[in-house]
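Trainee: here's a sequence, model it:
(one chain, ligands or ions: 2)
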Amino acid sequence: MPTLLLLEAMGNTGEYVLDAARDLGVEVIVVTHEDVFEEWYSPTLQAKIRNHAKLVFTDFSDSEGALRQLAELARAEHVDGVVACWEFLTPLVARLTADLGLPGNDPSRALSCRNKRIMARAFTEHGIPAPLTLAARTVEEAFARVEAAGLTYPIVVKPSEQSGSWGVSVVRSDEELATAFALAQSHLFQMPHGIPLDAHVVVQEYVGGVEFSIETVVADGVATPLVPYDKFTTDGAKRAEFGHTVPAELEDASVRILQEAAVAAARALGITDGVAHTELKLLPDGTTRIIELGARLPGDHVVALMRQARGIDEAKVYVQIALGLAPDLTPTADTAAGIRFLVPPRGGVLRSVSGIGESAAVARSSLTVRPGGQVRAPGDNDARVGYVIVHADTAAEVNRAAAEAIANVTIEVD
Ligand SMILES: Nc1ncnc2c1ncn2[C@@H]1O[C@H](COP(=O)(O)OP(=O)(O)O)[C@@H](O)[C@H]1O
Ligand SMILES: [Mg+2]
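Mentor: Ligands and ions are numbered 1, 2, ... in the order given. Predicted coordinates for the structure are as follows:
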């Protein structure tokens, strides 16, 4: 029985990877921090791991110590592959797999898939179309660089190393830039593991157009892009994701442009064995700009949407590639699926959520905050209180049914 080391099963891809490994007859060793396991894992996930996996504790805030401990463990347990379900750990996966001689990405370039400042440099070096990007340690430095580069408002300000739209702002004045800069630099440890983060703030040209995501599967250096899908975000100063629809309704020529850009970006960032989640914009002139790429599975239950819409299980594919097996990439379905997040009108204490599931197309729904729980004002992805997943034959039907389902929901906040 092959053995898989899974670094951090928290986040919504952990369960998908555990299920895929079980279906493939793979033994899993889950690695996390003891406090994170006790305080952050849902009871369902804790039970799944206790019943079907081994559990090992480490301290990811000490990456050198974790690397030593896990390399030793992997050798003792004859581990055949390493994956992560937490984007911050993808550089550690690359170092571990290189150390152990297992399938994985180039460790010397792994940080470019995680750190937006380093990513931008790699995109420039490889001629990948991306927004003009500057980086600064202080706000004074940011203003000087913006002026020297001739960047004009609107401008995007973001932390080098966060995720979930946290600290990302679209700014339109010097005052807004200064405020956004301070916000982007205000959390320099990744929670809950306390991993130290790059203090540089990234300042970017704002790219218009329409945004999409695309998954790219790379096995032994051969890249296969999946279908591009819609990524819906709010359009003000904050860009929270409010939904995804798989696939996007696009002409073949646009699909090809997005797929070629995603494959080129994955190559530029040293992805040879694994999955890449790419976010990119399609401009009216038919060109693209890559917003970011992570060497990870997509979040937001896109694994379930892709499985439903196309019959491709990206979690299974990720496990197969990590173990050096040929990935199952043949689509077995040609339908559509979408997710929409429930976001409160403002921050406060959640009183009630009603009306979920009254639409026939809703396949699944979940409340992720219980009544009485604290909710954040809309802004980043942490403001969500739940979601609905919709299935239908086409993307247009999914979008229509999702709009109807969301319109039926009332969220009350005190
Ligand atoms: N340069 C940009 N131009 C236009 N929109 C952007 C730009 N950078 C980020 N955004 C918007 O903000 C969202 C979050 O930014 P992103 O770089 O993906 O950060 P995160 O890692 O937190 O997801 C993007 O999905 C996109 O909608
Ligand atoms: Mg993003």
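Trainee: what residues does the stretch 251-400 of the chain have near ligand 1?
Mentor: 279, 291-292 (CB under 6 Å from any ligand atom). Quick note: C-beta positions are derived from backbone N, CA and C, even for glycine.
Trainee: which of the residues you listed tops the neighbour count?
Mentor: The residue in those with the most neighbours, by other CB atoms under 10 Å, is residue 291 (23 neighbours).
Trainee: pretty sure that one is touching residue 206, no?
Mentor: No - using CB atoms under 8 Å, residue 291 is not in contact with residue 206, being 10.9 Å away.
Trainee: mutual contacts of those two, please.
Mentor: Jointly contacting residue 291 and residue 206 under the rule CB atoms under 8 Å, 6 or more residues apart in numbering are residue 131.
Trainee: so residue 322 sits against residue 4, correct?
Mentor: Yes - counting by CB under 8 Å, residue 4 is a contact partner of residue 322 at 6.4 Å.
Trainee: higher neighbour count, the two?
Mentor: The residue with more neighbours, out of residue 322 and residue 4, is residue 322; 29 against 24, by other CB under 10 Å.
Trainee: what ranges does the stretch 1-150 of the chain have for its strands?
Mentor: Using DSSP state E, counting those that start in this stretch, the strands of the stretch 1-150 of the chain run over 3-7, 27-32, 53-57, 81-84, 133-136.
Trainee: nearest to ligand 1, out of those?
Mentor: strand 133-136 (7.9 Å; CB to the nearest ligand atom).
Trainee: show me the common contact partners of residue 322 and residue 4, please.
Mentor: 81-83.
Trainee: restricted to buried residues, select those in PyMOL.
Mentor: To isolate the buried members of the shared contacts of residue 322 and residue 4 in PyMOL, using 16 or more other CB atoms under 10 Å:
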select buried, resi 81+82+83
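Trainee: nearest to residue 62 among the shared contacts of residue 322 and residue 4?
Mentor: residue 82 (18.0 Å; CB to CB).
Trainee: nearest residue to the closest one other than its sequence neighbours?
Mentor: Excluding its sequence neighbours, the residue lying closest to residue 82 (CB to CB, 6 or more residues apart in numbering) is residue 5, at 4.6 Å.
Trainee: list the contacts of that neighbour.
Mentor: Counted by CB under 8 Å, 6+ apart, residue 5 has contacts 28-29, 31, 70, 73-74, 77, 79, 81-83, 96.
Trainee: now do the end-to-end distance for stretch 108-118.
Mentor: Taking CA to CA, to the nearest Å, the first and last residues of stretch 108-118 lie 12 Å apart.
Trainee: tell me which residue in the stretch 1-150 of the chain sits closest to ligand 1.
Mentor: Closest point on the stretch 1-150 of the chain to ligand 1, by CB to the nearest ligand atom, is residue 131, at 3.8 Å.
Trainee: wait, doesn't that residue sit right on residue 292?
Mentor: No - using CB under 8 Å, residue 131 is not in contact with residue 292; the gap is 10.1 Å.
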